[in-house]
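# Got a predicted structure plus its sequence, pasted below:
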Amino acid sequence: LIQLAQRMTRVQASAIREILKVTERPEVLSFAGGLPAPEAFPAEALARAHADVLASEPGPALQYGPTEGHAPLRAWVAERMTRRGLPAAPEQVLITAGSQQGIDLVGKALIDPGDTVLVEAPSYLAALQCFSTYEARLETVETDDDGMRIEALERALRACRPRLIYLVPTFQNPRGTTLPLERRLAIARIAAEHGVAVLEDDPYGELRYRGGALPPIAGLIPEAPVIHLGSFSKTLAPGLRLGYAVADERTIRALTIAKQATDLHTGSLAQRAVARLLETFDFDAHLRRLRTLYGERLDAMLASIERSFPPGTAWTRPEGGLFVWVRLPGGIDAEELLADAMQQRVAFVPGAPFYPDRPCVESLRLNFSNRPPPLIAEGMARLGACAAARLRERRLGDGVASGVAG
Ligand SMILES: Cc1ncc(COP(=O)(O)O)c(C=O)c1O
């Protein structure tokens, strides 16, 4: 038996990735994974860009490349982030293998064993898993329908000296909530005043279907120590594994050193193909199409939940992203509901694994980007019927129990 490092005893397999192995079978109507719509992948444009790059620059496209990333791609990211409210030079950009690698590199470069990381509850599971691997202590900060609560954050900062505050401020995974401007400013101010680093994880910021865009926290107060992470996973395709970190040059240098030991660099071919694609492809027109497609799916999801779930169900109403968060009525346990739902060949992710502590077991996450509206309606009808049946059963059980007691 090969002996594993002590730290592996602190890290559990992702409950969600385990669930996805079952729910993503073809016969299941799944709302579990955070999957973009495959029909929206710009497959032809990507095929052309790969072919172009392989024909015109086969050497560098297939050769080792710099750890920092392909220069034209770094320049494109810097320019776009500047336009979105985070002024950045290309030297402030590191190209990563998805934003997931950005989270991991930040963990590697910033966290010493025993350090505290403040996180939202619930939060993105794979980030919690990553911080645990680096032997962090996770402390939760209360959230409401507008994301992280500032009084709760200030209370947490008085109680401990965290190394890092991690949050997904825009269309959060799993709840879909968005931090308003005042709270973004408050967090930037807190980071600057306390000298506490903030990791702003933003894979969904460009997927807004209603309401006005909000600036990244990282762009609000220049001296605030904020690292911004972005991704091409949800705007182009997740299989490319392309993301980026934006921060001050010293931090980018540290993340680059951390990355050298991880994978030397992100794949040259994918970076060059995407850089080539972005030269000619109308990325903004592509985003407009995605926003229309996903906006319709979000509307279908919200209307179907309203129509199909039993009274007392509560849910978030996101303005973008990929997820809606549901709270079931009458103390229904979402893991039990998943067992019923799988019998009806419909799936979702129960909410409990998203909490580092004290889970809300009545909660669940629904993805709406991966199925067209008629299938969303069908899936929610099946799921709502399962929830209603569970609720009736519980009420009957309660009635019998109180009848016996009385
Ligand atoms: C909040 C959040 N961060 C990071 C990621 C990782 O995305 P990727 O590595 O594909 O960019 C995801 C993926 O779903 C996510 O939801």
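Received it, and whenever you're ready, just let me know what you need.
# Closest to the centroid, which residue in the chain?
The residue lying closest to the centre of the chain (C-alpha atoms, centre = their mean) is residue 173, at 4.4 Å.
# quick one: contacts for that one?
Contacts for residue 173 (C-beta atoms under 8 Å, 6 or more residues apart in numbering) come out as 34, 124, 203, 204, 321, 322, 323, 365. C-beta coordinates here come from the backbone N, C-alpha and C atoms, glycine included.
# Looks to me like the last one is in a helix.
No: according to DSSP: H, G, I helix; E, B strand; the rest coil, residue 365 belongs to no helix; its state is strand.
# Return the set of residues that bridge with it.
In this entry, residue 365 is beta-bridged to residue 325, residue 349, by DSSP bridges.
# In contact with it, which residues?
By C-beta under 8 Å, 6+ apart, residue 365 lies in contact with 32, 173, 174, 175, 323, 324, 325, 326, 348, 349, 351, 354.
# Could I get the pLDDT score of it?
Per-residue pLDDT puts residue 365 at 97.
# That one and residue 47, how far apart?
Distance, residue 365 to residue 47, by C-beta to C-beta, to the nearest Å: 33 Å.
# Burial check on whichever residue of the stretch 1-150 of the chain sits closest to the ligand, number of neighbours?
The ligand sits closest to residue 98 of the stretch 1-150 of the chain, with a gap of 2.5 Å, by C-beta to the nearest ligand atom. A count of neighbours around residue 98, defined by other C-beta atoms under 10 Å, yields 21.
# wait, what's in contact with it?
When contacts are counted by C-beta under 8 Å, 6+ apart, residue 98 touches 231, 233, 238, 241, 242, 243.
# re earlier: widest-spaced pair of the contacts of residue 365?
Maximum pairwise distance among the contacts of residue 365 (C-beta to C-beta): 15.8 Å, between 32 and 175.
# So which residues on the stretch 201-350 of the chain come close to the ligand?
Residues of the stretch 201-350 of the chain lying near the ligand by C-beta under 6 Å from any ligand atom: 201, 203, 231, 233, 238, 243.
# Beta-bridge partners for the first one, please?
Using DSSP bridges, the bridge partners assigned to residue 201 are residue 229.
# per-residue pLDDT, the closest residue to the ligand within the stretch 251-400 of the chain?
Closest approach between the stretch 251-400 of the chain and the ligand, counting by C-beta to the nearest ligand atom: residue 322, at 7.8 Å. Here the pLDDT value assigned to residue 322 is 98.
# count of neighbours near it?
Residue 322 has 27 neighbours, counted by other C-beta under 10 Å.
# Ok, residue 105 next?
25.
# so it sits in a helix?
Yes: according to three-state DSSP, residue 105 belongs to a helix.
# follow-up on the earlier one: go through the contacts of residue 365 and name the one nearest residue 135.
Closest approach between the contacts of residue 365 and residue 135, by C-beta to C-beta: residue 354, at 20.9 Å.
# what about the closest residue to that closest one other than its chain neighbours, helix or strand, and which?
Excluding the flanking residues, the one nearest residue 354 by C-beta to C-beta, 6 or more residues apart in numbering is residue 122, at 3.4 Å. Following DSSP states H and E, there is no helix or strand that holds residue 122.
# and what of residue 86?
Using DSSP H and E, no helix or strand contains residue 86.
# Spit out the contact partners of it.
Applying C-beta under 8 Å, 6+ apart, we find residue 86 in contact with 215, 216, 218, 219, 228, 246.
# So what's the residue count around the second one?
What that stands for is residue 216. Residues contacting residue 216 under the criterion other C-beta under 10 Å number 22.
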